[in-house]
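In: sequence-free structure coming up:
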């Protein structure tokens, strides 16, 4: 099986409330069976950088689906414009996010070469949304990459209308991997420590890792925040984590 050979496309699938939403697919070649990964994009939206992450998962042997969370607000718009429109309305409502992730996960599980397991991963605002997906969306494992406001309080003036998930950590229904930068402010090291304490107190299966030389968005190869060592180590941890809980 040549995992460097993948196919990509954009399709329409049912999301929350039965709405048809755009999803970017990156699929490995071969008979499988393949696990699936729902890639939840960051606040800047359905952009080239996050599509590249979906393609990387396909080369790792996962069928990857990335829903366009801003499709309803700005169908067909450029990522920057769609993100600005979504921010102006306070971001993506949690209930709708869960429905869209459920739709993408169901689509991946229904593929003829699926192994039945689907994980979620998210970056920035998508990190919190990936954690929420582990509570409500029925995924088998989830990865939170520096998602703010899983714990901690949203500061005044922040564009997203979100609430912390502190009181819902007891409901987490799958293993979670958290990858954070120790120089980040949202989430700060204190927020990450609180998350770890709550996961431990509720007996959840989790791994938390913080990188001392990294801040927010250290996976973002197209930004000054990119940290090669942290990102490379993070990818190794993601591969091991999904390999354990989703299979290959």
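Out: Arrived safely, thanks for sending. Keep in mind the model is a prediction, meaning the values are calculated, not measured.
In: From the chain's centroid, how far away is the strand or helix carrying residue 178?
Out: Element membership of residue 178, judged by DSSP states H and E, is strand 176-181. The gap between where strand 176-181 is centred and where its chain is centred comes out at 11 Å by Cα atoms, centre = their mean, to the nearest Å.
In: How about residues contacting it?
Out: 131, 134, 141-146, 187, 189, 192, 195-196, 199, 204-211, 214-216, 218, 227, 230, 234, 237-238, 241 (Cβ atoms under 8 Å, 6 or more residues apart in numbering). (Glycine included, C-beta is placed from N, CA and C.)
In: do that again at 7 Å, thanks
Out: 131, 134, 142-146, 187, 192, 195, 204, 206-211, 214-216, 218, 234, 237-238, 241 (Cβ atoms under 7 Å, 6 or more residues apart in numbering).
In: Paired strands for that strand, with orientation please.
Out: If you go by DSSP bridges, strand 176-181 pairs up with strand 141-145 (parallel), strand 206-211 (parallel).
In: and residue 39, which of these is closest to it?
Out: strand 141-145 (10.0 Å; Cβ to Cβ).
In: tell me the mean pLDDT over the closest one?
Out: Mean pLDDT, strand 141-145: 98.
In: I'd like to know how far residue 246 sits from residue 190.
Out: According to Cβ to Cβ, to the nearest Å, residue 246 and residue 190 sit 31 Å apart.
In: for residue 71, same thing?
Out: 35 Å.
In: Quick one: find the helix or strand in this structure with the lowest mean pLDDT.
Out: helix 79-88 (a mean of 92; mean pLDDT, DSSP states H and E).
In: Pull the residues that contact that one.
Out: With Cβ under 7 Å, 6+ apart, helix 79-88 has contacts from 43, 44, 45, 46, 47, 70, 73, 74, 92, 159.
In: let's see it at 8 Å
Out: 43-48, 68-70, 73-74, 77, 92, 159-160.
In: and the gap between residue 87 and residue 217?
Out: 16 Å.
In: Comparing those two, which shows the higher neighbour count?
Out: residue 217 (22 against 19; other Cβ atoms under 10 Å).
In: what about that one, which SS state?
Out: coil (DSSP: H, G, I helix; E, B strand; the rest coil).
In: Let me know the helix or strand that the nearest residue to residue 221 once chain neighbours are set aside is in.
Out: Spatially, and ignoring its direct neighbours in sequence, residue 221 is nearest to residue 49 (7.0 Å; Cβ to Cβ, 6 or more residues apart in numbering). Using DSSP H and E, residue 49 sits within helix 48-59.
In: about what we covered before: mind listing what's buried in the least confident helix or strand of the chain?
Out: Buried residues in helix 79-88, counted by 16 or more other Cβ atoms under 10 Å: 79, 82, 83, 84, 86, 87.
In: Following the chain past that helix, name the next helix or strand.
Out: Following helix 79-88 in sequence, per DSSP H and E, is helix 94-109.
In: Now do that following helix: everything it contacts.
Out: For helix 94-109, using Cβ under 8 Å, 6+ apart, the contacting residues are 13-17, 21, 23, 36-38, 40, 63, 65-67, 69, 72, 114, 116, 118, 120, 129, 132-133, 136-139, 162.
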